[in-house]
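**Student:** I'd like to go over a predicted model; first the sequence, then the structure.
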Amino acid sequence: MGTKDRRTRVLKAIVRDYVSAREPVGSRSLVERYDLGVSPATIRNDMAALEEAGLIHQPHTSAGRIPTDQGYRHFVDSLDAVKPLSAAERRAIERVLSGAVDLDDVIARAVRALAQITQQAAVVQYPSLQRVSLRHIELIPSGAGRVILVIITEAGRVEQRTLALARDVDAEDLASLGRCLNAELTGLRLADLALPLASLAEAAPARLHEVLDVVGTAITEALRADAEERLVMAGAAHLSPHSGDFARSISPVLDALEEQVVLLRLLAAMQDGVSVSIGEENPYEELSEASVVSSTYDVAEQSVARVGVIGPTRMDYPGTMAAVYAISRYLSDILSNR
């Protein structure tokens with residue numbers, strides 16, 4: 001084993017032991033607990049090199065070493081792959097998610113399951129109308145000059161708008177128009193419907209132009225209203241036992257969870273797939289002592305939103321990454337097959 005590989009093993013051991021026990025890790029305990037194949041003096045030299053590289057530090061002179069944010073980053077980057085959940089953890093997720101009746105229920109169950117498995121604060125973002133495709137449109141007569149527009153997305157999200165028209169439209173015309181809209185628009189992203197709707201309006205009889213114009217306006221307004229993303233959060237109380245892991249205060253993290261704006265911006269900036277942002281890597285002061293692990297989930301093979309976990313930097317990264325990834329896959333499967 002080369003020096004570089006051995007020092008990576010030493011760093012991994014320090015991270016695991018510190019995450020597990022929340023106690024600085026010394027060279028003696030590493031020699032006793034891990035078969036590193038070298039003398040205690042070599043381990044001490046390795047730890048000195050890791051400290052010089054900024055990956056660990058000594059909190060006080062009589063203590064062992066603890067990982068820095070850079071050390072956690074090096075540890076995360078050195079993981080070969082996201083480890084699979086245990087059979088018991090998979091069964092727990094399946095038990096919580098089975099029987100969900102609609103999108104709201106699926107999201108609520110998913111965020112509870114993620115918080116329960118990781119024992120951290122968990123968030124699940126609603127699928128954005130900006131990114132999802134259309135499954136079905138319904139036009140329902142609702143009295144004089146009124147039509148109810150029902151939009152159902154591939155993710156199972158339902159939006160309803162009442163449209164006001166200058167004159168009544170025949171129920172048979174509405175049914176025919178609904179069939180035409182579904183034939184032409186199903187499977188397209190809601191954000192891409194403007195041009196197809198305009199083309200349909202040009203080809204439609206004059207008596208239906210107003211309905212198509214109002215439908216287009218209603219979809220545009222729904223997308224504009226949806227520009228403010230929605231998050232569901234669970235498990236904030238799990239952070240309280242970890243308050244000692246936040247050097248300054250846990251309050252900014254709790255405030256960020258409650259207000260959501262900072263968290264939404266951070267999630268939007270994170271890479272697709274499983275992504276980890278650690279401590280000072282977070283561009284927002286409120287989360288500078290926290291780590292965020294997130295993953296995208298898909299509907300009909302399109303990334304539509306994210307799930308995530310927020311906790312202290314002293315986090316079980318392999319386990320948390322596995323749980324976040326698993327929940328994102330379960331969400332993708334459930335919502336794509338609804």
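**Tutor:** All right, it came through fine. Numbers count the residues shown, from 1 in each chain.

**Student:** The strand or helix carrying Ala49: how far from the chain's middle?
**Tutor:** In this assignment (DSSP states H and E), Ala49 forms part of helix 40-52. Distance, stretch centre to chain centre, for helix 40-52: 38 Å (Cα atoms, centre = their mean, to the nearest Å).

**Student:** Can you name the element that comes right after that helix?
**Tutor:** Sequence-wise, the next helix or strand downstream of helix 40-52 (DSSP H and E) is strand 56-57.

**Student:** just to revisit the earlier point, which parts of the helix holding Ala49 are buried?
**Tutor:** By neighbour count with 16 or more other Cβ atoms under 10 Å, helix 40-52 contains the buried residues 42-43, 46-47, 50. The C-beta positions use only the backbone N, C-alpha and C, and glycine is treated the same way.

**Student:** Without its sequence neighbours, what residue ends up closest to Phe246?
**Tutor:** Using Cβ to Cβ, 6 or more residues apart in numbering and skipping the chain neighbours, the partner closest in space to Phe246 is Glu289 (4.8 Å).

**Student:** hang on, the earlier thing: what does the helix holding Ala49 rub up against?
**Tutor:** Helix 40-52 has contacts (Cβ atoms under 8 Å, 6 or more residues apart in numbering) with 3, 6-7, 10-11, 14, 27-28, 30-31, 36, 56-58, 65, 71.

**Student:** Return that helix as PDB; C-alpha atoms alone will do.
**Tutor:** The C-alpha trace of helix 40-52 is given here as PDB (Å, rounded to 0.1, in the frame of the first residue of the first chain):
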ATOM      1  CA  PRO A  40       2.200   3.900  15.600                       C
ATOM      2  CA  ALA A  41       5.100   6.300  14.600                       C
ATOM      3  CA  THR A  42       4.100   6.000  11.000                       C
ATOM      4  CA  ILE A  43       0.500   6.700  11.800                       C
ATOM      5  CA  ARG A  44       1.500   9.800  13.800                       C
ATOM      6  CA  ASN A  45       3.500  11.000  10.800                       C
ATOM      7  CA  ASP A  46       0.500  10.300   8.500                       C
ATOM      8  CA  MET A  47      -1.800  12.300  10.900                       C
ATOM      9  CA  ALA A  48       0.700  15.200  10.900                       C
ATOM     10  CA  ALA A  49       0.600  15.100   7.100                       C
ATOM     11  CA  LEU A  50      -3.200  15.100   7.000                       C
ATOM     12  CA  GLU A  51      -3.200  18.000   9.500                       C
ATOM     13  CA  GLU A  52      -0.800  20.000   7.300                       C
END
